[in-house]
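In: Below are the sequence and a predicted model for it; my questions follow.
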Amino acid sequence: MRIVLLGAPGSGKGTQTDAIIERYGVSTVATGDLLRAEVSAGTELGKRAKPYMDAGDLVPFDLVLGMIENGLNALARINPRGFMMDGFPRDLAQAEALDQLLAKINQPLDAVLFIEVDYEEIVKRLLGRGRADDNEETIRNRLRVFEEKTAPLIDYYKKKGLLHTVKGTGTVGDIGTRIRSILDAIA
Ligand code: ADP
């Protein structure tokens, strides 16, 4: 099973990840986690990516492409049960690149899950979370970036017949149940 998890910052993608991994045996790659690891390790990529992350902007694609390509190839090789991408793709150029990467290894996507939460709720959640890039100004910018760059992917995947929308409010368990009913049908 090969899926993309789509949702605004704070929509709860990370929170649902463990349950999805456990139930379906997929491996996951979260580009935000990979980038934060590069920053902590003080790599060249980390140094160049950090100012964009601190501002809540997308890291330019030419910087992240190699990292993502490596991560994806490794996942596809290591785990025959599939993968779940979290935080990628984040704009149309990335979505098209992902299609090409997956076509090359003959492993197209099975589904895209869009976790839908309204913005007021998201700001509340993120302000309570306290990660380094979770101050109000950065949050607003990340939401703006989501709206401008990532939200068009909803239509992109709808047209491909891959989109499944999940209401992202309620308890973690409620949302997990909704996700399961979708993924069980395609697993
Ligand atoms: P959130 O979804 O909560 O904003 P992430 O951990 O997914 O958090 O991303 C944190 C930051 O890492 C983003 O604001 C962005 O700067 C950078 N980032 C993550 N994934 C990508 C990507 N695919 N392309 C460009 N930048 C990215």
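Out: Yes, it's here.

In: For the chain, which residues are neighbours of the ligand?
Out: 9-10, 31-32, 35, 52-53, 56-59, 64, 87-88, 90, 94, 142 (Cβ under 6 Å from any ligand atom). In short, each C-beta sits where N, CA and C put it, glycine included.

In: Taking the protein, what residue is nearest to the ligand?
Out: G32 (1.8 Å; Cβ to the nearest ligand atom).

In: before we move on, the earlier item: filter the residues of the chain next to the ligand to the buried ones?
Out: 9-10, 31-32, 35, 53, 56, 58-59, 64, 87-88, 90, 94, 142 (16 or more other Cβ atoms under 10 Å).

In: where do the strands sit along this protein?
Out: Taking DSSP state E as the criterion, the chain carries its strands at 2-7, 27-30, 83-86, 111-116, 163-167.

In: which of the ones you listed is buried the deepest?
Out: Greatest average neighbour count among the strands of the chain goes to strand 2-7 (a mean of 24), per mean count of other Cβ atoms under 10 Å.

In: what helices or strands is that one leaning on?
Out: When contacts are defined as 3 or more Cβ pairs under 8 Å, 6 or more residues apart in numbering; DSSP states H and E, strand 2-7 sits against helix 13-24, strand 83-86, strand 111-116, helix 152-159.

In: As JSON lines, these with distance to G176 and mean pLDDT would be great.
Out: JSON lines is the format used below for those (distance: least, Cβ to Cβ, whole Å; pLDDT from 0 to 100):
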{"stretch": "helix 13-24", "distance to G176": "5", "mean pLDDT": "92"}
{"stretch": "strand 83-86", "distance to G176": "14", "mean pLDDT": "92"}
{"stretch": "strand 111-116", "distance to G176": "11", "mean pLDDT": "97"}
{"stretch": "helix 152-159", "distance to G176": "21", "mean pLDDT": "98"}
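
In: Please name whichever of those is nearest to K104.
Out: Proximity of the helices and strands packed on strand 2-7 to K104 was assessed by Cβ to Cβ; the nearest stretch is strand 83-86, lying at 14.9 Å.
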